[in-house]
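Trainee: Give me the fold of what follows.
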Amino acid sequence: MTQPLQLKAYAKVNLGLDVLRRREDGYHEVRMIMQTVKLFDLITLQKNTCGQIRLSSNLPYLPLNEKNLVYRAINTIRTAYNIPDGVDATIEKHIPVAAGMAGGSTDAAAALVGMNQLFSLGITQEELIKHGLTLGADIPFCIMRGTALSEGIGEILTPLPSIPACWFLIVKPTFSMSTKFVYENLHLDEQTKHPDIDGMIQAINHNDLTGITYRMGNVLEQVTQKHYPAIIQIKENMRRLGALGALMSGSGSTVFGIFTSREAAGKAAEFFRKDPGIKQTAVVRPFSKDLPQSKPHKNHKHFTNSTKKYHSSTQREKYSGKRGRRNTHEGHKS
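Mentor: Below is the predicted model of the structure:
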């Protein structure tokens, strides 16, 4: 039996998110600044001889069948390259589910990259991105990583320079949001304020952290904050505790703040951990392609409510209900 291959699947946040229009096919055209952060799931792949895809996870409610994007990513590569071997995949979740951080998409991206390595296929990144786009609009960025301008439905990517050194405080409330619900309830004709995406790109090009945080904005907040005003309070508390800027990521419910020091971010994290309305927190660095990737900060552990027990697709198929449907998201569609 071959040795298992383990990969880190990094989360993303949106430094800026603007929705331009709703297309006739139901998808929304967006313009976003995407940023990878060093909060990650662990994806482990290993060949098996039974010819099947078998998933296991530390979360009992994750779907462990074809509804899971990891399963579909593995199957996409097996089918495209006529691979007879089966694959065992373990999904160790640390990124929160249904939280606007592309947890399902980045797991699928890691599975695509891992299949390429596991079977020595020699697939280029460009080809992997094409495969990823068939599964979900966020997957191409999760393959590329770093900092990028994302356009179209999220599939048109322009790499940007790494943002200046800083610390992200990530806060996940006890409630979650459905991407489909948020986009269905987004009324673009009522939206008068849009983030300055071009100005943010200039700030990134000039290594101007203050300029970046000043221009952060997310049009989806108007929907989420209407139903969960706690988002507003979390952002206000982050700024009061020293964040240069605070924003909801994606369709929510995760909120992040950008701090200049780990100490300040850590103190703010302690404040939020005492709040019963907060489920998880993490203090992490942005992912930079320009610098060696250091070990995660110790506060990373506070973002996991995982257990050592793993749940296998061969043991049960019942956990494919509401909480796991985030993994079927295929784009910014309503």
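
Trainee: going forward, measure contacts and count neighbours with C-alpha atoms only.
Mentor: Noted.

Trainee: Report the mean confidence score over the strand of greatest length in the chain.
Mentor: The longest strand of the chain (DSSP state E) is strand 28-48. Summarised as a single mean, pLDDT over strand 28-48 is 97.

Trainee: can you list contacts of the helix or strand where residue 268 lies?
Mentor: Assigned by DSSP states H and E, residue 268 belongs to helix 262-273. Helix 262-273 is contacted by residues 166-169, 171, 238, 241-243, 258-259, 278-283, 299 when judged by C-alpha atoms under 8 Å, 6 or more residues apart in numbering.

Trainee: do that again at 7 Å, thanks
Mentor: Under the contact criterion C-alpha atoms under 7 Å, 6 or more residues apart in numbering, helix 262-273 has outside partners 167, 169, 238, 241, 242, 259, 278, 281, 283.

Trainee: And for stretch 24-33?
Mentor: So stretch 24-33 is contacted by 14-23, 148-154, 332-334 (C-alpha under 7 Å, 6+ apart).

Trainee: How about the host helix or strand of residue 131, which residues are buried there?
Mentor: Using DSSP H and E, residue 131 falls within helix 125-133. The neighbour-count check on helix 125-133 (16 or more other C-alpha atoms under 10 Å) flags 128, 129, 131, 132, 133 as buried.

Trainee: Which neighbouring elements make contact with it?
Mentor: Packed against helix 125-133, as judged by 3 or more C-alpha pairs under 7 Å, 6 or more residues apart in numbering; DSSP states H and E, are the following elements: helix 139-144.

Trainee: Return the mean pLDDT over the helix it packs on, rounded to an integer.
Mentor: 97.

Trainee: Check which element follows it along the chain.
Mentor: strand 147-151.

Trainee: helices or strands next to that following strand in the packing?
Mentor: Applying 3+ C-alpha pairs under 7 Å, 6+ apart, we find strand 147-151 packed against strand 28-48, strand 156-160.

Trainee: Put together a markdown table for those strands, with mean neighbour count and distance to residue 226 on each row.
Mentor: Below are the helices and strands packed on strand 147-151 laid out as a markdown table (neighbours: other C-alpha atoms under 10 Å; distance: least, C-alpha to C-alpha, whole Å):
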| stretch | mean neighbour count | distance to residue 226 |
| --- | --- | --- |
| strand 28-48 | 22 | 21 |
| strand 156-160 | 15 | 30 |
